[in-house]
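Undergrad: Could you look at this predicted model? Sequence included:
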Amino acid sequence: MNNVIIVRYGELFLKSEPVLKKFEKTLIENIKIGLKKEKIKFKILRKRGRIFVETSQIKRSSSVLKRIFGVVSFSPCFNIKSSEIKKIQIFVKKNYKKWIGKNQKFAVRAKRVGRHSYTSQKLAKLIGDVVDRKVDLSNPDAMVVKRRIHKKKGKWWQVPKDIEDISKLKNFTKALVDKGYKNSEVRKILGLNYVRLFGKAWF
């Protein structure tokens, strides 16, 4: 299992491919400089619209990323490298107390990719079964998001169909609503989480 930080950047999506590559290269170099300055061991992978930073020093790396101009948001996550229910449950049971406070409510959002012996709904339920916290599907304090992504040809993710670039963002919003996400959750995903991040980073 690797610790990974998914780094997102914004308006670069609107640039032409040559300009995009130049901006991405500059941004990645700035990230490397910041991490090396703090003597953090890391590996960087790139995919259009996202930068993946593999490191075991998540907190220190996050502090660096907050200061990098051009980074819109970032999310520490884990690459479990397994689709086996038992292994996923063991991992969540071992770590959920770090993510969800004792008095907080939670919800699980799971998305299965590829063929498996379970549905997305069943996966969400089985993950929730090992979390000893109160469930609130409408307005949770924390969400455990599990997405099974296959590593293909050295790539850690694939661009979802119908949202290949920023011009098709409305399709993403529609998909969230169709999947049952509440309006409050959609607002957080599309912008309020960024506002919270900016408030912590800049003020």
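TA: Perfect, I can see it now. Numbers count the residues shown, from 1 in each chain.
Undergrad: quick one: secondary structure of the nearest residue to Val131 once chain neighbours are set aside?
TA: Here the nearest residue to Val131 in space, its sequence neighbours aside, is Tyr96; by C-beta to C-beta, 6 or more residues apart in numbering that works out to 4.9 Å. C-beta here means a position set from N, CA and C on the backbone, and glycine is covered the same way. Classification of Tyr96 using DSSP: H, G, I helix; E, B strand; the rest coil returns helix.
Undergrad: which ones are touching Tyr96?
TA: By C-beta atoms under 8 Å, 6 or more residues apart in numbering, the contact set of Tyr96 is 130-133, 144.
Undergrad: Burial check on Ile58, number of neighbours?
TA: 16 (other C-beta atoms under 10 Å).
Undergrad: correction: Ile127
TA: 22.
Undergrad: With the one 3 residues further on instead?
TA: The burial count assigned to Val130 is 14, neighbours taken as other C-beta under 10 Å.
Undergrad: how much space between the closest residue in space to it that isn't next to it in sequence and Arg109?
TA: Distances taken as C-beta to C-beta, 6+ apart place Lys93 nearest to Val130, at 4.1 Å, with adjacent residues excluded. Applying C-beta to C-beta, to the nearest Å, the value for Lys93 to Arg109 is 18 Å.
Undergrad: Tell me which of these two has more neighbours.
TA: Between Lys93 and Arg109, counted using other C-beta under 10 Å, Arg109 has the larger neighbour count: 19 against 14.
Undergrad: got a pLDDT number for that one?
TA: Confidence at Arg109, expressed as pLDDT, is 81.
Undergrad: One more: Phe198?
TA: Listed pLDDT for Phe198 reads 50.
Undergrad: can you check Thr119 too?
TA: According to the prediction, Thr119 has pLDDT 86.
Undergrad: can you count the residues close to it?
TA: Residue neighbour count, defined by other C-beta under 10 Å, stands at 11 for Thr119.
Undergrad: which SS class is Pro76?
TA: strand.
Undergrad: which residues does it contact?
TA: Pro76 neighbours (C-beta under 8 Å, 6+ apart): 3-5, 58, 62.
Undergrad: Show me what it bridges to in the sheet.
TA: Counting by DSSP bridges, Pro76 is bridged to Ile5.
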